[in-house]
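Q: I need the structure of the sequence given here:
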Amino acid sequence: MSYEEKPEYNKKFKITNKKIKIVVAAVIILSIVGAIGSLAYSAGFIPITGFLDINTPPGTYSELNTNELIENYPEVNDMPNLDKIKYKAYGTDGSVESIASYYQEKLEKEGYKLLREGTLHLDGKTFQYYGFLKGLTVVGILLTPDAENETGYGTMVVYTTGSALDYQEILNWYENQT
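A: Numbers count the residues shown, from 1 in each chain. Coordinates of the predicted model:
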């Protein structure tokens, strides 16, 4: 008996052929989505906190203990999503203006867009803040010349980075505080 004479075999072959077409289409679609996702991640548009870079400030600097700084500013403990973003603090000899322009130039070259900037007052100290966005990745920078007692340097820099979704809750919290 030949293959043409067995109707069950032809039905099974057609079903298998459909399955193969579905699997091939799925592999092609997943490959395209994976390639686009990989390119977007490589370009910095998709944040994965463990892999985000912290940019150090220009000039002479030293890294500060962020746990001690948080203890000096207890209201920061109430901030949501602090555990979801990546941050470091530095003491540096550069001026607030030179550090701000350095970061702005550097981040804009990397494709970030400055969305927020301003001044805030916390415990009698004046802070300048800057918020940059690239895709879903945010960089937030706080600068103050009023922290020489805590840092031993003229300027304190707090550099943060993470997901825009996590920062949205932080911004909402901050706006409710002021």
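
Q: residue 117: what secondary structure?
A: Following DSSP: H, G, I helix; E, B strand; the rest coil, we place residue 117 in the strand state.

Q: helix or strand: which one has the closest residue to it other than its chain neighbours?
A: Distance criterion CB to CB, 6 or more residues apart in numbering; nearest residue to residue 117, sequence neighbours excluded, is residue 130 at 4.9 Å. Bear in mind the C-beta positions are built from the backbone N, C-alpha and C, glycine included. Element membership for residue 130 (DSSP states H and E) is strand 125-134.

Q: also residue 87?
A: strand 86-92.

Q: ditto for residue 160
A: With DSSP H and E as the test, residue 160 turns up in strand 155-163.

Q: what residues of the helix or strand that that strand is followed by count as buried?
A: Next along the chain after strand 155-163, taking DSSP H and E as the criterion, comes helix 164-177. Across helix 164-177, burial judged by 16 or more other CB atoms under 10 Å covers 164, 166-167, 170.

Q: what angle sits between helix 164-177 and strand 155-163?
A: Inter-element angle recorded for helix 164-177 and strand 155-163: 130 degrees (by axes from the mean of the first three to the mean of the last three CA atoms, to 10 degrees).
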